[in-house]
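This is a predicted model, with the sequence first.
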Amino acid sequence: MMPDMAKRRPMLALALVSLLVGCTKPVDEYLWQASMRGNKEAIQDFLKRGANPNYVRGDWSILMRVAREGHADVAEILIGAGRSGSVG
């Protein structure tokens, strides 16, 4: 038989993941996905809906990833939104 703590570990891990994922607004994740696809219209929409242009997933910010993928036009949108705090 497993000790009590060993039985609880999977539940504790699931609870921790749920808490961490729950801290992310869905619109931030949608912004990430649109940015990776280079969908400028969707990016503007998600930013207007309150997405964070400085959103970080893991160790990567959106800006770092779009730069890595070569989306210079997307990077300009994100930098502009981050600098002004809004989207025009």
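Thanks, I have the structure now. Residues are numbered from 1 along each chain as shown.

low-confidence ranges in the chain?
Applying pLDDT under 70 to the chain picks out residues 1-24, 84-88.

Would you map the strands across it?
56-57, 60-61 (DSSP state E).

can you list these in TSV and add distance to residue 48 and mean neighbour count?
Using the backbone N, CA and C atoms, a C-beta is placed for each residue, glycine as well. What follows is those, written out as TSV (distance: least, Cβ to Cβ, whole Å; neighbours: other Cβ atoms under 10 Å):
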stretch	distance to residue 48	mean neighbour count
strand 56-57	21	14
strand 60-61	20	16
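
can you put those in CSV and add distance to residue 29?
As requested, the strands of the chain are exported to CSV (distance: least, Cβ to Cβ, whole Å):
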stretch, distance to residue 29
strand 56-57, 8
strand 60-61, 13
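
Can you say which of the ones you listed is nearest to residue 32?
Closest to residue 32 of these is strand 56-57 (Cβ to Cβ; 6.0 Å).

Next, the contact list for residue 25, please.
50-52 (Cβ atoms under 8 Å, 6 or more residues apart in numbering).

Buried ones among those residues?
51-52 (16 or more other Cβ atoms under 10 Å).

Looking at the contacts of residue 25, which one is closest to residue 32?
residue 51 (8.6 Å).

And for that closest one, nearest residue in space, chain neighbours not counted?
Nearest non-adjacent residue to residue 51, counting by Cβ to Cβ, 6 or more residues apart in numbering: residue 31, 3.8 Å away.

what number of residues lie near the one you found?
25 (other Cβ atoms under 10 Å).

hang on, the earlier thing: can I get the contacts of residue 25 in a markdown table with distance to residue 73?
Shown next, in a markdown table, are the contacts of residue 25 (distance: Cβ to Cβ, whole Å):
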| residue | distance to residue 73 |
| --- | --- |
| 50 | 22 |
| 51 | 17 |
| 52 | 19 |
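
tell me which of the contacts of residue 25 is nearest to residue 44?
For the contacts of residue 25, the nearest to residue 44 is residue 51 (10.0 Å; Cβ to Cβ).

do you know how far residue 64 is from residue 49?
22 Å (Cβ to Cβ, to the nearest Å).
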